[in-house]
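Colleague: Structural data only, the sequence is not supplied:
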């Protein structure tokens, strides 16, 4: 009778196979736990991501509401402001900023003075708090900013100020004596402050430039300038005008937000506030051939710098001076009518061929070539009151003093 004998090596292989199966099962179980944990963590990460996303969207909606409120504030619009963006509802409120300056538990209105200091004595513009709250279901975000109005003290060295020579001909009157807003001479005789003082008819900012007056040109001004050549004119190289911001005493870029494309700008029948176009203005261009209204009219190419076009200037750039399509001056020309109260700033004034009355002042950043054709007449009369009115009615983007969020 034969007996089967299990070889020790074969038995060992069977034991190893058994252990291998057990090991595989253990690994599979462990992997299952890891996979389950990974799925749980992934779901948790997705939930956290959604929470962060919703919170960020709430903040973004509140920020959008805040900008809406600032624009409403600048335009003297009504509050509260309600709107919806990306599924979030926001409400913007405005309130007067208050602070207990004296420690008497009575909050005082905060004012921002022209020198940038905050005070409670009414010196300057009232400071307001604009608060935006955005909500969507359980998600909520708040942002607030303290702001105040910005107005300008608009002044000018003369009825007409130019960086370059001025050729004047035809029936044109330029009078630097101070006039009221209705065009009559100021009864105070220009003795009521810097803006109200009488001015020369024309001031050139470069002593090497000239004024050529022909025909029926009538120049008038303060007696201090009667001996000018020609009469009632002046040259003052301390006046440095490169941009509209220079003329208005602002920082570079302060007016960038209000620039309008001359190619698409459609002028209203009556100009008001600040109108700033970045190209030619007049007949055949933006604005038509009439300038009527009040405020500040700016005709300026932001890429134009008059110093870069003057061969005698250290900043002269021959490449830019020859590329007028890109870097050339914007022209105010072919104007034949209208009555304007305020300040006109233009890179270049090429031609006026009709009846136009300007009460305030005109500043040319480049060449001036004013020619009146036929029986047309034009007057430029310096008027401090018209300049003041232009500054007060032409608010800039408001001053932002502080920002906070919840």
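Modeller: Arrived safely, thanks for sending. Source: prediction; values computed, not measured.
Colleague: Under the pLDDT cut-off, which ranges of the stretch 51-200 of the chain? List them.
Modeller: For the stretch 51-200 of the chain, the stretches flagged by pLDDT under 70 are 51-55, 188-194, 196.
Colleague: where along it do the helices fall?
Modeller: For the stretch 51-200 of the chain, applying DSSP state H, counting those that start in this stretch gives no helices.
Colleague: hang on, residue 212 packs against residue 162?
Modeller: No - counting by C-beta atoms under 8 Å, residue 212 stays clear of residue 162, with 12.0 Å between them. C-beta: built from backbone N, CA, C; applies to glycine.
Colleague: Which of those two has more residues huddled nearby?
Modeller: Ranked by neighbour count (other C-beta atoms under 10 Å), residue 212 and residue 162 place residue 162 first, with 25 against 12.
Colleague: list the contacts for the more buried one?
Modeller: Residues near residue 162 by C-beta atoms under 8 Å, 6 or more residues apart in numbering: 202, 203, 204, 205, 209, 363, 364, 368.
Colleague: From the residues you listed, keep the buried residues only.
Modeller: The neighbour count (16 or more other C-beta atoms under 10 Å) marks 202, 203, 204, 205, 363, 364, 368 as buried among the contacts of residue 162.
Colleague: So which of the residues you listed are in strands?
Modeller: 202, 203, 204, 363, 364, 368 (DSSP state E).
Colleague: And the contacts of residue 162, which is closest to residue 90?
Modeller: residue 363 (42.0 Å; C-beta to C-beta).
Colleague: measure that closest one to residue 159 for me?
Modeller: 10 Å (C-beta to C-beta, to the nearest Å).
Colleague: Ok, residue 87 next?
Modeller: In terms of C-beta to C-beta, residue 87 sits 57 Å off from residue 159.
Colleague: Between these two, which is the more surrounded one?
Modeller: With neighbours defined as other C-beta under 10 Å, residue 87 and residue 159 compare such that residue 159 has more, 31 against 10.
Colleague: dump the residue contacts of that one.
Modeller: The contact partners of residue 159, by C-beta under 8 Å, 6+ apart, come to 174-176, 199-202, 221, 361-362, 380-382.
Colleague: do you know how far it is from residue 404?
Modeller: Per C-beta to C-beta, residue 159 is found 48 Å from residue 404.
Colleague: so how many other residues sit close to residue 142?
Modeller: By other C-beta under 10 Å, 18 other residues sit near residue 142.
Colleague: same question, residue 234
Modeller: Count around residue 234 with other C-beta under 10 Å applied: 22.
Colleague: And for residue 246?
Modeller: Other residues within reach of residue 246, judged by other C-beta under 10 Å, total 15.
Colleague: what is the mean pLDDT for the strand or helix carrying it?
Modeller: Element membership for residue 246, per DSSP states H and E: helix 244-248. Confidence for helix 244-248, expressed as mean pLDDT, is 94.
Colleague: circling back to that earlier point, ok, which pair from the contacts of residue 159 is furthest apart?
Modeller: Pairwise distances across the contacts of residue 159 peak at 14.2 Å for 221 and 362 (criterion: C-beta to C-beta).
Colleague: For residue 64, which non-adjacent residue is spatially closest?
Modeller: Take residue 64 and drop its neighbours on the chain: the residue closest to it by C-beta to C-beta, 6 or more residues apart in numbering is residue 85, 5.1 Å away.
Colleague: Please report how far residue 164 lies from residue 363.
Modeller: Taking C-beta to C-beta, one finds residue 164 at 12 Å from residue 363.
Colleague: How many residues are close by residue 223?
Modeller: Other residues near residue 223 number 9, with proximity taken as other C-beta under 10 Å.
Colleague: Is residue 178 in contact with residue 184, as I believe?
Modeller: No - between residue 178 and residue 184 there is no contact under C-beta under 8 Å: 10.4 Å.
Colleague: These two - which one has more neighbours?
Modeller: Just comparing residue 178 and residue 184: by other C-beta under 10 Å the higher neighbour count belongs to residue 178, 25 against 10.
Colleague: if I look at that one, how far off is residue 168?
Modeller: Distance, residue 178 to residue 168, using C-beta to C-beta: 21 Å.
Colleague: First-to-last residue distance for stretch 123-143?
Modeller: 28 Å (C-alpha to C-alpha, to the nearest Å).
Colleague: Mind listing what's buried along it?
Modeller: Buried positions in stretch 123-143, judged by neighbour count with 16+ other C-beta under 10 Å: 124-125, 127-136, 139, 141-143.
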